[in-house]
Each structure stands twice: as structure tokens, then as C-alpha cells.
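[1] Below are the sequence and a predicted model for it; my questions follow.
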Amino acid sequence: MDTTTAHRNPWSLSVADLTQAAVFAALIAALGLPGTINIGSAGVPITFQSLGVMLAGAVLGPKKGTLAVGIFMVLAIAGLPILSGGRTGVTALSSPTAGFFIGFLPAVIVIGLLTAMMMPRYRVLWGIVINLLGGMVVLYACGSIGLMIRSDMTLWAAVATNGTFVIGDAVKAVVTALVAAQVHRGWPGLITPLRLRRSTATA
Ligand SMILES: O=C(O)CCCC[C@@H]1SC[C@@H]2NC(=O)N[C@@H]21
């Protein structure tokens with residue numbers, strides 16, 4: 001059986017894939033250990049866990065990255081206090097951070113898919129744009145919807161709340177792209193390139 005990256009079923013999962021996803025789920029949990037910084041009254045903390053979500057998508061791609069964030073979220077909802085500040089997923093879902101917590105999933109999917117479309121060559125500038133798109137635009141959109149539902153905020157108040165996070169999250173997007181570029185240089189093939197159209201080339 002041919003097991004090269006080019007010929008593998010893109011949706012199959014090997015033991016190595018599962019291991020990588022588990023390691024990143026643990027990394028996201030560990031990034032919650034430094035605790036939280038609460039600025040403003042919205043009840044949404046500054047956390048390093050969104051850095052972990054960006055890293056999962058940019059380093060592992062859509063399949064393994066989504067699995068990593070999925071494992072992390074399932075463990076949090078199951079009651080492990082692995083969210084920043086020692087909270088569980090159930091606490092998060094009933095709090096102002098609900099939209100951000102749920103938004104981790106679409107964020108990693110968008111980052112993973114766009115990164116896989118850029119591969120096999122990781123370009124730092126495009127990586128930064130992709131991380132900003134998934135880790136800020138998509139995540140903030142979900143977070144704002146959550147704030148409107150959980151905190152009865154108006155759309156504008158909810159969107160304005162994100163202003164607190166912009167600089168920190170932009171730095172996370174840059175750091176993620178730099179780390180991902182190094183990883184993909186040293187470990188080509190970690191992400192299966194994604195093409196929208198089937199190649200018709202006959203070698
Ligand atoms: O722990 C939770 O329930 C989720 C916290 C989400 C915090 C969001 S993620 C995007 C933005 N950047 C941060 O540093 N904090 C917020």
C-alpha cells in the first residue's frame with residue numbers, strides 16, 4: 001500500500017495523526033496555565049489558549065488541527081478544568097466567553113483549510129493573513145454573537161469588546177506564522193496540501 005502523503009486518503013487517521021492531535025490538545029490546555037488577565041467589564045479574559053488554536057491549525061492543518069481543538073473542547077465540556085482560570089467547558093458555555101469557546105472550532109477549521117491550500121510551501125506573510133482571518137475575524141465574530149446572547153449586549157458593544165484583544169491576538173498570529181514556517185521547513189509533509197481542483201497533469 002502506498003502511504004506517501006500525496007496518495008493518502010486526506011481524511012484517514014493514522015496513530016501518528018492521533019498522537020499529534022493529542023499533543024496539541026495538551027498544548028492548548030497547558031497554554032491556559034499562566035492564567036488570565038481580565039480587562040474591562042465584559043468578562044472575557046486575555047488568554048494564550050487562542051494562540052494554541054492558531055498553532056493547531058497552522059502547524060497540523062485542517063484534519064489534525066480540528067481534531068486537536070475538538071479533543072480539547074470535549075475534555076473541557078466533560079468537566080476537566082482546562083480552560084484559562086481553571087474553568088470547565090460547561091462554565092464557559094454559560095458565561096460571556098461562550099461564543100469564543102465555541103468559536104475555537106470554526107477558527108481552527110478556517111486556519112487549517114487555508115494553510116493546507118497554501119502548502120506545500122508555507123509563506124509567512126500569507127500565514128499571518130490566514131491566522132488573522134481565522135484567529136481574529138472568525139473568532140471575534142463567534143465571540144460577539146456569544147456576548148450578545150449571554151450578556152445581552154448590542155452588536156456594537158459586543159464588537160467593541162474585541163478591541164481589547166486586537167494587539168495581543170495580532171502578535172499571536174505573527175508568532176504562529178513564524179513557528180509554523182520553521183516547523184514546515186523542518187518537517188515537510190506534516191500537512192497534506194489541499195487543492196480545490198483535481199490536478200490533470202500526467203507525468
Ligand atoms: O476560556 C474561555 O472560555 C474562552 C476565552 C476566550 C478568550 C478570547 S479568544 C480571542 C480573544 N483573545 C484573547 O486573548 N481573549 C479573547
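    Thanks, I have it.

[2] Around the ligand, pick out the residues from the protein.
    Applying the criterion CB under 6 Å from any ligand atom, the portion of the chain that neighbours the ligand consists of 44-47, 50, 83-84, 92, 97, 100-101, 139, 143, 165, 168-169. Yep, even glycine has a C-beta here, placed from its N, CA and C like the rest.

[3] Which one of these is nearest to residue 113?
    Residue 113 has its nearest neighbour among those in residue 139, at 15.0 Å by CB to CB.

[4] Grab the CA positions of whatever helix or strand the closest one lives in and hand them over as CSV.
    Mapping residue 139 onto the secondary structure by DSSP states H and E places it in helix 139-150. The C-alpha coordinates for helix 139-150 follow below in CSV (Å, rounded to 0.1, in the frame of the first residue of the first chain):
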residue,chain,number,x,y,z
LEU,A,139,-13.2,34.0,16.4
TYR,A,140,-14.3,37.6,17.2
ALA,A,141,-17.5,37.1,15.1
CYS,A,142,-18.4,34.0,17.1
GLY,A,143,-17.4,35.7,20.4
SER,A,144,-19.5,38.7,19.6
ILE,A,145,-22.6,36.6,18.9
GLY,A,146,-21.9,34.9,22.3
LEU,A,147,-21.7,38.2,24.0
MET,A,148,-25.0,39.4,22.5
ILE,A,149,-26.7,36.2,23.7
ARG,A,150,-25.1,35.7,27.1
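
[5] Could you identify the most distant pair in the residues of the chain next to the ligand?
    Looking at the residues of the chain next to the ligand by CB to CB, the two members farthest from one another are 92 and 168, with 19.1 Å of separation.

[6] Would you mind listing the buried residues in the lowest-mean-pLDDT helix or strand in the chain?
    Least confident element among the helices and strands of the chain, by mean pLDDT, DSSP states H and E: helix 155-161 (a mean of 95). Of the residues in helix 155-161, those buried under the neighbour-count criterion (16 or more other CB atoms under 10 Å) are 158, 159, 161.

[7] What lies in contact with that helix?
    Around helix 155-161, the neighbours that count as contacts under CB atoms under 8 Å, 6 or more residues apart in numbering are 40, 42, 44, 140, 143, 144, 145, 147, 148, 151, 153.

[8] Try it again at 6 Å.
    42, 144, 147, 148 (CB atoms under 6 Å, 6 or more residues apart in numbering).

[9] now swap in stretch 94-106 and tell me
    If you take CB under 6 Å, 6+ apart as the criterion, stretch 94-106 is touched by 42-44, 53, 69, 92, 138-139, 142-143, 145-147, 150-151.
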